[in-house]
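**Student:** could you look at this predicted model? Sequence included:
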Amino acid sequence: MEEAGRSVTVVIGKRGDSIEEPLVFFLPDYIKDITLGSFVVVEIAGRLRIGCVVGKGRGKAREPVLAVLPVPPLPSSLLALAHWLEEECLASLQDALQSMVPEILNAIPSLYLYPNVDYRKVRGKVRREIVREASEGASYATLRSLPATAVRKRILALLNAKILTPRVELSFRESKEDEKEGNLLPPVPKLLHSPSSIAHHPVMVLWGGNRLRRLGYYLANILEVIKGGGNVILVAPDVLTAEWIGNTFSQFIKRTIIYHRQLPLSQRFTLWVQLASSYHSTLVVGNRSALFLPLPNVRLIVVEGDGESSLFHQEPPYYEAGNVAMQRAIQEGGRVIFGSDLPSIARFSLVRKRKLHLIRLPFQSGEVEIKDIREEKKIIPSSTKEEIERVLNEGGRVVMIVNRRGLFYLVCRDCGNSFLCPSCNVPLIVYEGKEKSKRSLFCHLCGTFSEAPEICPQCGSYRISVWGIGIQRLVSAIRRLFPTAKISSFSSETPREAFWEADIVVATKSIVQWLEILSPSLTCVFDIDSQLSFPHFAQTDNVYRMLFTIRKESKRVIIHTKQPDNPIFTSPPLDFLERECRSREERKYPPFGHILTFLFDDPDESKAKDKAERLYEYILSRGFSCLPPFPSLYPKRKGMFRYLLVISCLNLPKARKILNLALKADKKLKWFLDVQESL
């Protein structure tokens, strides 16, 4: 049945078993025209799968394409973007497409067959029975199960002869994440767009001001593009911010669509199809996934919150939203605007080389007090309590930031038992239930819940002490000290409380982007030392970025630390950016190089270590240098011991050689890539 020149290369979506390599299928006679980017239904190991056509077939094709999905094909610009992700992020084309169009590739296809002639006119007993079964429509799976020999071959022959017509229906298996309730958002602000738009440079970096002021600049440019018949994509650092910005801009732009991966899969699929065939000027606001929507004629891409860690994709392909935005703008001839309180190191490094146009907006910093807590034993020092009381009496608002959820950790004062998770070997965090007398222990790595003990299981002691501080513990302390104040908590898990109406907001660092709405008179930062000690090359930048926004949006800031002389608390932004750039350039860290990390895990610690050491020796024997393997930050997770092998690579070709070499030794190897490189 195969015809020369009638075969296509298809990348299969990831569902269940993983098929990394593209496969070749031939096109039967009943499928006349097919274009690159078309989505098709194929059969693999008896299961129907959805794939994307990425090229002409090379090599022998034994299996046919069963049907073409009745959806618009992936635009050529996005298919080119998928190939770019494959090259730049050292990913497979399957990983790239799976990240770009999960709405389609994750759908569950059902193939129904309908007859074009009366079954009595069909020759052959088996074929006639197949057509008779399909007289009112029958699924491909039902017809395949008919008790006869070579049924599948006969079904394909009937399709090829156009006696049967295929029709595809899609269903969606929604995950628990897709079933989340809608977010409770702060009120839509009064926004006046800038009277004049920003100069038309291909790539601009907007630094400073505050988010509302930057939104005014964005609005002026967006309205200009919309009036000219173009489309715009605005990327926000997270879902909550995307919904809030989308609601804000919908006052001015009628066709504003909010898109993110927390929407149900079926709703995202509907939006994807609508946007692919849209002829109306549209503004799409979403998180980083909005960059892959098939919106035609994109003339402007805005990345708000440039430099935020949430703009980095944490699984293959390991891309950074800013780089993807620039690449898509280049392919489609559009412009990019990066806006943030503080520019990312990647963009600032290009500003230094005068490759990007920088616009600085004025801002003011609040008063900062560095409080040394090395000798402090109270959760909230007395001087801090007095300051909070003064602010509340004056009618101001207080924000308290601690980047740990729950109450605290438990430690036995007699034997030192620290109540570790048996699967992950990390301290369990205490959570308080609705009934204050009931407490539970929770592991944030594996999700294990257990009842908090009243006595130590190791020595039987009742002297169980607390260590550390979390949101719930801070809230409990604040309620005891200020019983009449209206208190609200905020974290990535509890964004639905009306935090903007509270007198005191206790939150993780995710509240920082909402400080402009809260306009606090006082912001208190706790447990900053644990963040500074996190072992990652970009952690200093992440902490400084957070503190900079806090200082900018608060009238007064108190930072509680055991490192009062650390220059990160007082450095001016330009000095910090220059110092960070020089430091990374000397060490060849991103954006001046790449860091390739291999992860080895096994229930047996010695086997995990042995795997890492074998690959280490193998890479050294091939002429590449790297550090010896070492335990991960979390040496044990979900019962698996973990070792890392980290390799610094100056350029992508070298990283690709090392990765291919490693995968040649072990095809199931787990790896990560830190990419912050810009154009």
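**Tutor:** Now that the structure is in, tell me what you want to look at.
**Student:** V430 bridge partners, please.
**Tutor:** Here V430 sits in beta bridges with L441, going by DSSP bridges.
**Student:** for the remainder of this discussion, apply numbering that starts at 21.
**Tutor:** In the new count, where the first residue is 21, that last one comes out as V450.
**Student:** hmm, it is touching C463, no?
**Tutor:** No - counting by Cβ atoms under 8 Å, V450 sits too far from C463 to count as a contact (11.5 Å). No exception for glycine: its C-beta is placed from N, CA and C like everyone else's.
**Student:** tell me how the chain divides into domains.
**Tutor:** 27-97+112-191, 223-381, 387-428+488-604, 429-481, 614-694 (automatic domain parsing).
**Student:** as TSV, those with mean neighbour count and distance to L105 would be great.
**Tutor:** Formatted as TSV, the domains of the chain follow (neighbours: other Cβ atoms under 10 Å; distance: least, Cβ to Cβ, whole Å):
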stretch	mean neighbour count	distance to L105
domain 27-97+112-191	18	4
domain 223-381	20	5
domain 387-428+488-604	18	21
domain 429-481	15	29
domain 614-694	16	12
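**Student:** P209 is nearest to which of these?
**Tutor:** Evaluated over these, closeness to P209 peaks at domain 223-381, with 5.9 Å, by Cβ to Cβ.
**Student:** from the middle of its chain, how far away would the closest one be?
**Tutor:** Domain 223-381 sits 15 Å away from the centroid of its parent chain (Cα atoms, centre = their mean, to the nearest Å).
**Student:** and that domain, end to end?
**Tutor:** 17 Å (Cα to Cα, to the nearest Å).
**Student:** then stretch 459-471?
**Tutor:** Distance across stretch 459-471, first residue to last, is 6 Å (Cα to Cα).
**Student:** chain center to that stretch: distance?
**Tutor:** Distance, centroid of stretch 459-471 to centroid of chain: 24 Å (Cα atoms, centre = their mean).
**Student:** just give the closest residue to G248, not the sequence neighbours.
**Tutor:** R319 (7.1 Å; Cβ to Cβ, 6 or more residues apart in numbering).
**Student:** which neighbouring elements make contact with the helix or strand containing the one you found?
**Tutor:** In the assignment (DSSP states H and E), R319 maps to strand 318-324. In terms of contacts (3 or more Cβ pairs under 8 Å, 6 or more residues apart in numbering; DSSP states H and E), strand 318-324 is packed against helix 231-247, strand 251-255, helix 341-352, strand 355-360.
**Student:** re the thing from before, just checking, the residue nearest to G248 touches K247?
**Tutor:** No - counting by Cβ under 8 Å, R319 does not reach K247; the two are 11.0 Å apart.
**Student:** re earlier: same list, the domains of the chain, but as CSV with distance to H103 and mean pLDDT please.
**Tutor:** Formatted as CSV, the domains of the chain follow (distance: least, Cβ to Cβ, whole Å; pLDDT from 0 to 100):
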stretch, distance to H103, mean pLDDT
domain 27-97+112-191, 7, 89
domain 223-381, 11, 93
domain 387-428+488-604, 28, 88
domain 429-481, 35, 74
domain 614-694, 14, 89
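**Student:** want to throw those domains into TSV with distance to P206?
**Tutor:** Formatted as TSV, those follow (distance: least, Cβ to Cβ, whole Å):
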stretch	distance to P206
domain 27-97+112-191	29
domain 223-381	6
domain 387-428+488-604	5
domain 429-481	26
domain 614-694	33
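**Student:** ok, now which ones touch the residue nearest to F45 when sequence neighbours are not counted?
**Tutor:** Of all residues not flanking F45 in the chain, V85 sits nearest, at 4.8 Å (Cβ to Cβ, 6+ apart). By Cβ atoms under 8 Å, 6 or more residues apart in numbering, V85 lies in contact with 28, 30, 45-48, 51, 54, 60-62.
**Student:** how about V85, phi and psi?
**Tutor:** With angles defined as degrees, to the nearest 10, V85 sits at phi -80, psi 130.
**Student:** can you tell me how far it is from G77?
**Tutor:** 10 Å (Cβ to Cβ, to the nearest Å).
**Student:** spit out the residues that contact the two alike.
**Tutor:** Here V85 and G77 have 28, 45-46 as joint contacts, going by Cβ under 8 Å, 6+ apart.
**Student:** looking at those, spot the one nearest M346.
**Tutor:** V28 (30.8 Å).
**Student:** any idea which element that closest one lies in?
**Tutor:** In the assignment (DSSP H and E), V28 maps to strand 27-32.
**Student:** what's the answer for A111, then?
**Tutor:** Assessed by DSSP H and E, A111 sits outside every helix and strand.
**Student:** returning to that earlier point: neighbouring strands of the strand holding R319 in the sheet, and parallel or not?
**Tutor:** Pairing partners of strand 318-324, with direction, according to DSSP bridges: strand 251-255 (parallel), strand 355-360 (parallel).
**Student:** next structured bit after the first one?
**Tutor:** It refers to strand 251-255. Strand 251-255 is succeeded, C-terminally, by helix 259-269 (DSSP H and E).
**Student:** what's that following helix packed up against?
**Tutor:** Counting by 3+ Cβ pairs under 8 Å, 6+ apart, helix 259-269 packs on helix 231-247, strand 276-279, strand 303-306.
**Student:** quick one: terminal-to-terminal distance for stretch 304-318?
**Tutor:** End-to-end span of stretch 304-318 (Cα to Cα): 10 Å.
**Student:** can you classify R193 by secondary structure?
**Tutor:** Under DSSP: H, G, I helix; E, B strand; the rest coil, the three-state class of R193 is coil.
**Student:** again with I379
**Tutor:** Here I379 is strand, with the state taken from three-state DSSP.
**Student:** that one and G229 touch, don't they?
**Tutor:** No - look at I379 against G229 with Cβ under 8 Å: they stay out of range, at 9.5 Å.
**Student:** show me where the stretch 371-520 of the chain has helices.
**Tutor:** 402-413, 491-501 (DSSP state H, counting those that start in this stretch).
**Student:** report all helices and strands that the shortest one contacts.
**Tutor:** Helix 491-501 makes packing contacts with strand 418-422, strand 449-452, strand 507-510, strand 524-527 when contacts are defined by 3+ Cβ pairs under 8 Å, 6+ apart.
**Student:** relative orientation of it and strand 418-422 in degrees?
**Tutor:** Orientation check (axes from the mean of the first three to the mean of the last three Cα atoms, to 10 degrees): helix 491-501 against strand 418-422 gives 140 degrees.
**Student:** quick one: distance of helix 491-501 to the chain centre.
**Tutor:** 32 Å.
**Student:** and what of stretch 157-177?
**Tutor:** Counting by Cα atoms, centre = their mean, stretch 157-177 comes out at 42 Å from the chain centroid.
**Student:** just stretch 570-578 next, same as before
**Tutor:** Counting by Cα atoms, centre = their mean, stretch 570-578 comes out at 29 Å from the chain centroid.
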